[in-house]
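Asker: sharing a sequence plus its predicted fold:
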Amino acid sequence: MLLRDRSPAKTAARPALRRHRWYVPLVFVGPVLILQGTFLFTPLVNTFVLSFTDASTVGGGQFVGLDNFATLAGDAGFWAAVGRTFLYMLCTVPVIVTLSTSLAILVNTSLRGSAVIRSLLFSPMVMPLATVAVMFQFVLRSDGLVNQVLGGLHVISRPLPFLSSSNLALVSLMLVTVWKGCALATLISLAALQNVSGELDEAARIDGAGWLRRTWSVTLPQIRGTTVLVGVLTSISVLRIFTEPYVMTGGGPGGSTETIVLYLFEQGVSPGTQAGYASAISLALFVFVLAAAAVTWIVTRGRRA
Amino acid sequence: MVRRTAFLSLAAAGALAVAGCGLGGAPQTGAVDTSGQVTGAITFQTLQLSPTFDKYLHGVIAGFEKKYPGTKVTWNDIPSNSAARKTNADAVAKSLPDVMDLDTRTLAPLARKGLVVDMATSAGDLKAGFVPSAWKSLTFGSTVEAALPWYLNTPVLLKNSALLEQAGLTSAPDPASYTELVEASTKVAQATGKAGFQPTEIGFPNYLLSLGVPLVNDQGTEAVVNTPAAVAFVDSLAELQKSGGIPADSVAAQQRSEIETFQEGGTAYLETGGSRLKIIQQNAPAVYSKITLGKPLGVTGPGTWLVPHGIAVPKTSANLPTAVAFAKFLTSSENQLALAKQSSVFPSTTAALDDPFFTGDGTGLVSKARTISAASLKNGTTVVLPAAVDSEFSTALWSAVQPAIIGEVPAAQALADAQTKLTTILKAR
């Protein structure tokens, strides 16, 4: 109510406060702004500027206008990487969202041993992605664990080339992404499930609804927002996928696992390559990420309304 | 006021960004004068030599400061795997160390842009003292000699005698070329179920070069990899992939994993520097006990490969006379010989290679390997890849031939694709 007080004394005092204290919020957010400005904003502006130059990784370069973007538009290698990355996203995101939500619902039950299962489920989260990738490289190689198990069970007669086949390599990487990505997604979904109303569930039970019906019609609608959040976060993460292909296949065989970021890395991070062109690629990736987030937001806004 | 502050901040950030990305001023690329009095302070950067060679390098620095009173050398050692990133960042910021130990992969872009002192001009009188292929390996087009050759490495052929015995190849002559290596690998696979050797991304251009494939044209502007010899070789690798003559996961293997495969007993042959022997001895003593040595492939033909490290001086150095003087001092025969005697690398000067240390008839594997590799250097049987064939070239070439090796596309098509892609890369430079 005090804020709505429009007495002459108050209105006279307010301009003075504004004049002298506009900097107070800046004092509080200043340190964060400086850090963000140094490590986020400046590199972003730098990347934007570089994308209009022919600079190499060792510096130099002249402004070349939109040449890099024109080249990018006709770069078959880039568009192949874009297509591959979106395919990666379309295949992994629904699986991660579905699997993590299902796992969260399962471990949310108070069965004996569920604490142990929760720990096991979340263990991939604490492992660095590079470590996970190296581990799976051993697991999936021709004489690795998976081939030995399948061979031992007489499911296959000769080892499957999980990482050495253009058809299988991308699928193998997707499996690793799903394995790793499910941990965090499950944790987020589980946190949302903790807030689901037990009374609604109880009411549905009294009305005679079974477990499946209650889960589908009562529980899942209550965590829809979180599920969408998991989908958005996972989509953005997958669009920037790099570690799995870089460590496990190097983008091969023959570029069959080359994603946008790996393509960017090859074009402009290795010594002597084109930093200007790579900056243009990174800006394109930035637009893709924004677009993915925007589409998801628009779709869910419609549903929320 | 707030608006004005925000506008000024944005303008400052923009200016900083433009300056930071290297567009703030033209780099120094023309000829520079390196003559003058040798005095004052310089910085010197090496790649992963500390702490093993602390005593040696402190000794060299002390010797230089004593020879040139008034000089001060500040030594900095960085990990090898961060050398490229740090050098790139330093080049953009124009803060490269005065004297740099660099591999050719990191040096090449600096040389192509003319950012380092041309040693052919500043130290051309020393050229005759260096191993010719070592000198040639640091030549990058417009910059005639981008660095003074420092330490070198060149391979020997490690053989797993147990596998060769099973394959009936014990008394057979060692493969002398990659074509013969493919033939021997086929026999190894048939008899033992193990692979003969593991092809690698780094090694692949060397394989083609030794088969007479030029890789690039004389000007270094177009790739030349689609030749009948190259097609036949890739076809033979595809056959080996089917028969098990190379490991099934060769195309997906990490760099240097060929050493792990060999020390696990998975391959019969490994062409590598003698320094790997100690590592294999530590990691796999059972395999080490079965190792015999042979001459590197190509040594009786076009030549074997060479890995050089060079000492470069950036043109942005504020003390060029002292920096060049230190580069010469460090790469002198005496100092190189002292380094080689306490390591497994080789000196790049012919005088140092004449030392009895490299011609001894030691009985140990390390000593034998040293003698074989030194002979390659002294006899002039080492070759260097064309300057245009750098890591970017090797990566693109290897990526293009992978589908052919695993039998998904014909070798001719893969090499034609590779040639187109590589030419595009070369023309963009």
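Answerer: It's in.

Asker: could I get the average pLDDT for stretch B:322-336?
Answerer: Averaged over stretch B:322-336, pLDDT sits at 97.

Asker: how distant is it from the center of its chain?
Answerer: 21 Å (Cα atoms, centre = their mean, to the nearest Å).

Asker: what residues does it touch?
Answerer: Stretch B:322-336 is contacted by residues B:34, B:38-42, B:44, B:60, B:63-64, B:67-68, B:71, B:73, B:98-99, B:117, B:119, B:122-123, B:126, B:129, B:147-151, B:311-313, B:317, B:347-349, B:351-352 when judged by Cβ atoms under 8 Å, 6 or more residues apart in numbering or on different chains. Heads up, the C-betas are built off the backbone N, CA and C, glycines and all.

Asker: and if you look at stretch B:120-136?
Answerer: With Cβ under 8 Å, 6+ apart, stretch B:120-136 has contacts from B:31, B:34, B:119, B:144-145, B:148-149, B:152, B:303, B:306, B:308, B:313, B:324, B:327-328, B:331, B:333, B:348-351, B:353, B:377-378, B:380, B:382-384.

Asker: check those for burial and list the buried ones.
Answerer: Taking 16 or more other Cβ atoms under 10 Å in any protein chain shown as the criterion, what is buried in the contacts of stretch B:120-136 is B:34, B:119, B:144-145, B:148-149, B:152, B:303, B:306, B:308, B:313, B:324, B:327-328, B:331, B:333, B:348-350, B:353, B:377-378, B:382-384.

Asker: circling back to that earlier point, of the contacts of stretch B:322-336, buried ones?
Answerer: Neighbour-count burial (16+ other Cβ under 10 Å) applied to those gives B:34, B:38, B:40, B:42, B:44, B:60, B:64, B:68, B:71, B:73, B:98-99, B:117, B:119, B:122-123, B:126, B:129, B:147-151, B:311-313, B:317, B:347-349, B:352.

Asker: just the ones of the residues you listed in strands?
Answerer: If you go by DSSP state E, these have B:G40, B:I42, B:F44, B:T71, B:V73, B:V99, B:L148, B:P149, B:W150, B:Y151, B:I311, B:A312 in strands.

Asker: any chance of the residues you listed in JSON lines, plus pLDDT and distance to chain A?
Answerer: Converted to JSON lines, those look like this (pLDDT from 0 to 100; distance: Cβ to the nearest Cβ, whole Å):
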{"residue": "B:G40", "pLDDT": "95", "distance to chain A": "25"}
{"residue": "B:I42", "pLDDT": "97", "distance to chain A": "21"}
{"residue": "B:F44", "pLDDT": "97", "distance to chain A": "20"}
{"residue": "B:T71", "pLDDT": "96", "distance to chain A": "28"}
{"residue": "B:V73", "pLDDT": "97", "distance to chain A": "24"}
{"residue": "B:V99", "pLDDT": "97", "distance to chain A": "18"}
{"residue": "B:L148", "pLDDT": "97", "distance to chain A": "20"}
{"residue": "B:P149", "pLDDT": "97", "distance to chain A": "19"}
{"residue": "B:W150", "pLDDT": "97", "distance to chain A": "19"}
{"residue": "B:Y151", "pLDDT": "95", "distance to chain A": "20"}
{"residue": "B:I311", "pLDDT": "97", "distance to chain A": "18"}
{"residue": "B:A312", "pLDDT": "97", "distance to chain A": "12"}
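
Asker: now for these, which pair is the farthest apart?
Answerer: Using Cβ to Cβ, those reach their maximum pairwise distance at B:G40 and B:Y151, which is 26.9 Å.

Asker: at which residues are the strands of chain B located?
Answerer: Secondary structure of chain B by DSSP E: the strands cover B:40-47, B:71-78, B:99-103, B:148-153, B:155-160, B:215-216, B:223-224, B:269-273, B:291-294, B:304-305, B:307-312, B:382-383.

Asker: can you list the ones you listed in a markdown table and add distance to B:K194?
Answerer: Below are the strands of chain B laid out as a markdown table (distance: least, Cβ to Cβ, whole Å):
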| stretch | distance to B:K194 |
| --- | --- |
| strand B:40-47 | 35 |
| strand B:71-78 | 39 |
| strand B:99-103 | 32 |
| strand B:148-153 | 27 |
| strand B:155-160 | 8 |
| strand B:215-216 | 31 |
| strand B:223-224 | 34 |
| strand B:269-273 | 11 |
| strand B:291-294 | 15 |
| strand B:304-305 | 24 |
| strand B:307-312 | 27 |
| strand B:382-383 | 30 |
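
Asker: can you name the element that comes right after the strand or helix carrying A:G30?
Answerer: Using DSSP states H and E, A:G30 falls within helix A:24-36. Toward the C-terminal end, the helix or strand that comes next after helix A:24-36 (DSSP H and E) is helix A:42-50.

Asker: follow-up on the earlier one: keep only those of the buried ones among the contacts of stretch B:120-136 that are in helices.
Answerer: Judged by DSSP state H, the buried ones among the contacts of stretch B:120-136 include B:M119, B:V324, B:A327, B:K328, B:S333, B:T350, B:L353, B:L377, B:K378 as members of helices.
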